[in-house]
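Colleague: Fold the following.
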Amino acid sequence: MFSSSSCLLARVYDGNEIFWFENSLTDKDVVAITQKFLTSKNPNKHINSLIKSKGEVEQYLYLEAVLYHLLDEVSYKVKQPYLDEFVQQMIDYQPKAMKYHDEGRLEVPIYAIRAKAMGVENIWLAAEFLSYYQATFELNPINALIKLELGEQVLSKPQFLGLKNAIDTMSLEAKAAVSKYLQERAVSHLVLNEFTVYFALKIKDKALINNKLIPLDEKNQKLLLRSLPKVFADGFVIEQLMNAIDSNQNPHFALSLLAPYVDKDKSVKDYALLALDNESLAVSAAFVLSKTKDVQVINSLKLKYQKSSSKALKNNIKILLKMNRLPAAKIVLADLLMTGEVQ
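Modeller: Got it, this is the predicted structure:
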């Protein structure tokens, strides 16, 4: 059973109707419509005829399912005027096949045709910028970087995706030239900084990271630090995180990222225990130590607690003992409670 929608000329379908329809719609149906569109002498006239012929209430679900699947097929095609015209038409399309949102009575489209069409547009835009940056870096990589630095401080996601993907197509000579230029330049350009991060990670350029970690803006420093474990071995990651802390570059954030290594490297434990005495780093250090599975560390924290007169330090140790999942941590905390050490 269906109900009329508050939207003009729309229909609200229930879950059972949608389920049975989607199970009845075959690949053969979709392929047939797609082939007719792609081979038509006038593709967009064909689409307009389809929309007109299926414009009755009973056909809304079928029509919009076909349009959505056709957009999916178009997303794999090279941008052409007739395809672009279809995509622009779908961006302006007003959905009529509706359903109620899972969390309320708000009506939402069953097929997000407009969002899908905008996604296709973004795919094409990324491809265009990939082609542009491929040619620019191939012609003269240094000039490409200079143009980037003199350009906008912010690129759209498709634009930056094209720029980022161009790294994969660079020659070894171009990569070496780009790395050298970026190492020697101190810039504050946000796009160039973000490109530097992705470039260094993509080609695993340790020298560039060593030279660029400190001058980067806060956003891109965090991006680099957070991404290091996906690319490099533990030793290099730990070294860079500690360098960032010691250089006062996002120290709390960098210290918290040491948590996965607390039991992998003794230097991390020692570093976190020392940082626990640093008032500005203590909370992050407590978080790192709360992840340890080393009973000896728990016992050393008990001694540290008993010897200290600092309320802040004692409070941080108490919090990390509560957070720690080791039975030993619960025992130590209970022991401190029994002896009156914990208030």
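Colleague: how far is the host helix or strand of L125 from where the chain is centred?
Modeller: Counting by DSSP states H and E, the element that carries L125 is helix 113-139. Relative to its chain's centre, helix 113-139 lies at 18 Å (Cα atoms, centre = their mean, to the nearest Å).
Colleague: Outline the domain layout of this protein.
Modeller: Domain assignment of the chain by automatic domain parsing yields the ranges 3-111, 121-232, 233-343.
Colleague: Redo the ones you listed as CSV? Include mean neighbour count and mean pLDDT.
Modeller: Placement of C-beta: from N, CA and C, glycine included. CSV is the format used below for these (neighbours: other Cβ atoms under 10 Å; pLDDT from 0 to 100):
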stretch, mean neighbour count, mean pLDDT
domain 3-111, 15, 85
domain 121-232, 17, 94
domain 233-343, 17, 92
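Colleague: Show me what the helix holding L125 is packed up against.
Modeller: Other helices and strands packing on helix 113-139, by 3 or more Cβ pairs under 8 Å, 6 or more residues apart in numbering; DSSP states H and E, are helix 60-74, helix 81-91, helix 141-150, helix 157-165, helix 172-184.
Colleague: Could you export those helices as a markdown table, including distance to L192?
Modeller: Listed next are the helices and strands packed on helix 113-139 as a markdown table, based on distance: least, Cβ to Cβ, whole Å:
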| stretch | distance to L192 |
| --- | --- |
| helix 60-74 | 34 |
| helix 81-91 | 31 |
| helix 141-150 | 5 |
| helix 157-165 | 10 |
| helix 172-184 | 8 |
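Colleague: ok, and the closest non-adjacent residue to L208?
Modeller: Closest residue in space to L208, ignoring its immediate chain neighbours: A200 at 4.4 Å, by Cβ to Cβ, 6 or more residues apart in numbering.
Colleague: close enough to count as contact, that neighbour and N211?
Modeller: No. Using Cβ atoms under 8 Å, A200 is not in contact with N211, being 9.4 Å away.
Colleague: What helix or strand is the residue nearest the centre of the chain located in?
Modeller: What sits nearest the mean C-alpha location of the chain, by Cα atoms, centre = their mean, is L223, with 10.2 Å. Using DSSP H and E, the element containing L223 is helix 218-227.
Colleague: Alright, I will stop here.
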